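Q: What would the 3D arrangement of this be:
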Amino acid sequence: MPEITWTHPGLGRYVGIRALLRITALAVLFSPGSAVAQAATWVPLHDPAYADLDVIIAGGLVREIITGERPYASSLFARAAAEARAAATANSTDPRAPQLPARSLEALSRLEARFGAGARARSRGVALLSSWADSPTRPVPEDPRLWATATGSLIDADIAPLLQRNLGVDLRDGGTVVATAWRDASLGSRFAASVAPRLWFGTDGGGAAGLAVDHAYVRGVFGNVAVTVGRNAVVHGHARELGTALSTNVRGLDMVRLSMDRPGRLPWILRHLGPASGAATVATLGPNRAEEWSTLIVWEGAVRPHRNFELGVTLMNQQGGNGAPEATVWERILEVFFLHKRAAPGTTGLPPDPNIGDKLIGMNAQWTIPGPKLEVFAEVTTTDDHDLFVSRPEETFWYEAAWAVGLRRFALGREGRWDLWAEAGRVGVRTYAHHQMTSGLTLDRRIIGSPLGPLAAGFTAGTDWTGARDRVSLSGAWERYSRDRWAVIRAPDWHWFRTADNPDEIRVRGTVDWAREPAATGLRTTVRLGYEHVTRFDFTDRNRSNFLAQVGVGWVW
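A: Here you go, the predicted structure:
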């Protein structure tokens, strides 16, 4: 069973974090349950409370919120439920205001039962998940002209859609049993903590087992600043599966993160940009890569200049680790803040670009139309600039970029039980792959951004039905993965061109999910079934069918 380590030489070994997390884990698991007075734990990204919150946001009941930066703390859910209840009460006395459908009222009641004043405890739980899959993984292909260098691959990642896109849960080709426990606790008035260890056993390769951690962190709140130390999952953007920056494809990051506890207002004239939120994260990408313990530094920001419009930006920098290019502290600081290649004249006083890491910038926008309860979004992430913004912007925003666009329509039907959603994604030639960091932007062989990976495109759509306690989701997807060969011309300006058009791998997939949730505490049951047909699997002449059957039960109290 592998040892779980939290150290990182590039971050000064997280100064005491390993001992702190071990002590915290014991304290959280065995401390008595109590409500957190000022600080609160993060609500896990897979929690059904997010679906309830999305419904009341789409209905216009919550406005002072940023939807593109998640997770949310439980205190934010409490504030959102209070704001929504006040708005719903005002609407009920106004004959001109539209009345809420039954589904929206149920969603609000569930949020109040969990997070409102006098809510019943839901600070611990256990779950058992069993799955059987016939769905082998394959690596992102290596092409001598594109992906490979003298030091190895430019991206170390595997593709298996039925087994991935699940916040890092390790499902194997064959049988897998996963047992998880989680515990939240207050550590005084300003601190809260949570831990969720996971034990898994797989039948592939004659049997394998391991101990993992979904999350384990301490969160402190000081005014409107929250500090999180430990492991937790973070996403940025609005895509359901195909997020281009920080997506649901990977497990939680081992990190130190500063974020805003609630949206605020920027100073001076910038206050007219509306509610604003931001975060800064320093994380380690672990040992499962060519440059062990490399560092990921992420800046996030978002504003809502209109109650129906939100803009966000992400700046990501990957550098350092064993075997990575060496650099001075000053060079590393400049690397974090400069997107443009620093070939600046000597008069600027800046050193030339030392080529020590990989930089990505992401932008996203969401537009909400309250009447039909429709949300439309777009997001893009592109690699560090090589004068492309100035000389060839089409290279920046197409060949070197990952895109996702989509929409969601909420509360269809007389009682508002149905939601529809659709999203499309495309990833260019070099996104998530870079010659200094030869494993690419990956974590445990999963791409941190779009799970499609380089040279791929896809479309997925589905519908969700929500009852008082039951949720049913149907979805379908079409994806194309390319193994074409590409080359680049650097003079007189940067330009990609295709040198060989090879047959593509095509995947067509369908899934159905059912979950029965407890009102506040009690039994939770889930079922997931999936089928996928793959044409030219692993870019060969072989076609195959993949299957997944998954059943889970849990108890929360």
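
Q: List the residues that contact the nearest residue to residue 126 once chain neighbours are set aside.
A: Take residue 126 and drop its neighbours on the chain: the residue closest to it by Cβ to Cβ, 6 or more residues apart in numbering is residue 181, 4.8 Å away. Where you see a C-beta, it was placed from the backbone N, CA and C, and this is true even at glycine. Taking Cβ atoms under 8 Å, 6 or more residues apart in numbering as the criterion, residue 181 is in contact with 29, 124-127, 196-197.

Q: which SS state does residue 181 fall under?
A: When classified by DSSP: H, G, I helix; E, B strand; the rest coil, residue 181 comes out as strand.

Q: In contact with residue 524, which residues are there?
A: So residue 524 contacts 127, 515-518, 552-556 (Cβ under 8 Å, 6+ apart).

Q: Tabulate these (CSV), appending pLDDT and neighbour count.
A: Listed next are those as CSV, based on pLDDT from 0 to 100; neighbours: other Cβ atoms under 10 Å:
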residue, pLDDT, neighbour count
127, 97, 18
515, 97, 18
516, 96, 15
517, 91, 23
518, 87, 17
552, 97, 17
553, 98, 14
554, 96, 18
555, 96, 14
556, 93, 19
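
Q: can I get the residues you listed in TSV with secondary structure and distance to residue 288?
A: Shown next, in TSV, are those (DSSP: H, G, I helix; E, B strand; the rest coil; distance: Cβ to Cβ, whole Å):
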residue	secondary structure	distance to residue 288
127	strand	25
515	strand	31
516	strand	36
517	coil	34
518	coil	36
552	strand	26
553	strand	31
554	strand	28
555	strand	32
556	strand	31
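
Q: nearest to residue 401, of the contacts of residue 181?
A: Nearest to residue 401 out of the contacts of residue 181 is residue 196 (Cβ to Cβ; 34.4 Å).

Q: on that earlier part again, tell me the most packed of the contacts of residue 181, by neighbour count.
A: Using other Cβ atoms under 10 Å as the neighbour criterion, residue 196 leads the contacts of residue 181 with 23 neighbours.

Q: is that one in a bridge, and if so with what?
A: Beta bridges link residue 196 to residue 215 when assigned by DSSP bridges.

Q: Isn't it up against residue 180?
A: Yes - using Cβ atoms under 8 Å, residue 196 is in contact with residue 180, at 6.1 Å.

Q: what's the overlap in contacts for these two?
A: Counting by Cβ under 8 Å, 6+ apart, the contacts common to residue 196 and residue 180 are residue 214.

Q: distance of residue 394 from residue 485?
A: Per Cβ to Cβ, to the nearest Å, residue 394 is found 20 Å from residue 485.

Q: Compare the two (neighbour count), which wins?
A: Neighbour tally, residue 394 and residue 485, criterion other Cβ under 10 Å: the higher count belongs to residue 485, 15 against 11.

Q: surely that one meets residue 500?
A: Yes - assessed by Cβ under 8 Å, residue 485 is found in contact with residue 500 at 4.0 Å.

Q: Over to residue 89: give its phi and psi.
A: Main-chain torsions, residue 89, degrees, to the nearest 10: phi -60, psi -40.

Q: Make sure residue 52 is indeed in a helix.
A: Yes - under the criterion used here (three-state DSSP), residue 52 sits inside a helix.

Q: In contact with it, which residues?
A: Applying Cβ under 8 Å, 6+ apart to residue 52 gives the contacts 107-108, 110-111.

Q: Below-threshold pLDDT in the stretch 301-450 of the chain: ranges please.
A: Scanning the stretch 301-450 of the chain for pLDDT under 70 picks out 338-353, 384-391.

Q: Spell out, range by range, the helices that occur in it.
A: Assigned by DSSP state H, counting those that start in this stretch, the helices in the stretch 301-450 of the chain fall at 329-337, 388-391, 393-394.

Q: and residue 464, which of the ones you listed is closest to it?
A: helix 393-394 (36.7 Å).

Q: re the thing from before, export the helices of the stretch 301-450 of the chain to JSON lines and tack on distance to residue 62?
A: Putting the helices of the stretch 301-450 of the chain into JSON lines (distance: least, Cβ to Cβ, whole Å) gives the following:
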{"stretch": "helix 329-337", "distance to residue 62": "34"}
{"stretch": "helix 388-391", "distance to residue 62": "36"}
{"stretch": "helix 393-394", "distance to residue 62": "37"}
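
Q: Of the ones you listed, which is nearest residue 258?
A: Among the helices of the stretch 301-450 of the chain, helix 329-337 comes nearest to residue 258, with 14.3 Å by Cβ to Cβ.

Q: Now do the buried residues in the closest one.
A: Residues of helix 329-337 classed as buried: 331-332, 334-336 (neighbour count, 16 or more other Cβ atoms under 10 Å).

Q: quick one: which of these is nearest to residue 157?
A: The shortest approach to residue 157 among these belongs to residue 335, at 23.2 Å (Cβ to Cβ).

Q: you'd agree the closest one is up against residue 356?
A: Yes - with contact defined as Cβ under 8 Å, residue 335 reaches residue 356; the gap is 5.8 Å.

Q: Mutual contacts of the two, please.
A: Overlap of the contact sets of residue 335 and residue 356 (by Cβ under 8 Å, 6+ apart) consists of 319, 327.

Q: May I see the contacts of residue 52 organised as CSV, with distance to residue 217 and pLDDT added?
A: Below are the contacts of residue 52 laid out as CSV (distance: Cβ to Cβ, whole Å; pLDDT from 0 to 100):
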residue, distance to residue 217, pLDDT
107, 27, 93
108, 29, 93
110, 25, 92
111, 23, 93
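
Q: Can you lay out those residues as a markdown table showing secondary structure and distance to residue 233?
A: A markdown table is the format used below for the contacts of residue 52 (three-state DSSP; distance: Cβ to Cβ, whole Å):
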| residue | secondary structure | distance to residue 233 |
| --- | --- | --- |
| 107 | helix | 23 |
| 108 | helix | 26 |
| 110 | helix | 22 |
| 111 | helix | 21 |
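
Q: Redo those as TSV? Include distance to residue 364 and neighbour count.
A: TSV is the format used below for those (distance: Cβ to Cβ, whole Å; neighbours: other Cβ atoms under 10 Å):
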residue	distance to residue 364	neighbour count
107	25	27
108	27	25
110	28	22
111	25	23
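
Q: hang on, the earlier thing: farthest-apart pair in the contacts of residue 181, please.
A: Every pair of the contacts of residue 181 checked by Cβ to Cβ; the farthest is 29 and 127, at 15.4 Å.

Q: what's the closest of the helices of the stretch 301-450 of the chain to residue 64?
A: So among the helices of the stretch 301-450 of the chain, helix 329-337 is nearest, using Cβ to Cβ, at 29.8 Å.

Q: Please export the C-alpha coordinates of that closest one as PDB.
A: Provided in PDB are the C-alpha atoms of helix 329-337 (Å, rounded to 0.1, in the frame of the first residue of the first chain):
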ATOM      1  CA  VAL A 329      14.000  32.900  -6.800                       C
ATOM      2  CA  TRP A 330      13.600  36.100  -8.700                       C
ATOM      3  CA  GLU A 331      13.200  34.300 -12.000                       C
ATOM      4  CA  ARG A 332      10.500  32.100 -10.500                       C
ATOM      5  CA  ILE A 333       8.600  35.100  -9.200                       C
ATOM      6  CA  LEU A 334       8.600  36.700 -12.600                       C
ATOM      7  CA  GLU A 335       7.500  33.500 -14.200                       C
ATOM      8  CA  VAL A 336       4.300  33.500 -12.000                       C
ATOM      9  CA  PHE A 337       3.200  37.000 -13.100                       C
END
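
Q: same for that helix, what does it pack against?
A: Contacts defined by 3 or more Cβ pairs under 8 Å, 6 or more residues apart in numbering; DSSP states H and E place helix 329-337 against strand 309-319.

Q: and the strand it packs on, what does it pack onto?
A: strand 295-306, helix 329-337, strand 357-369, strand 374-383.
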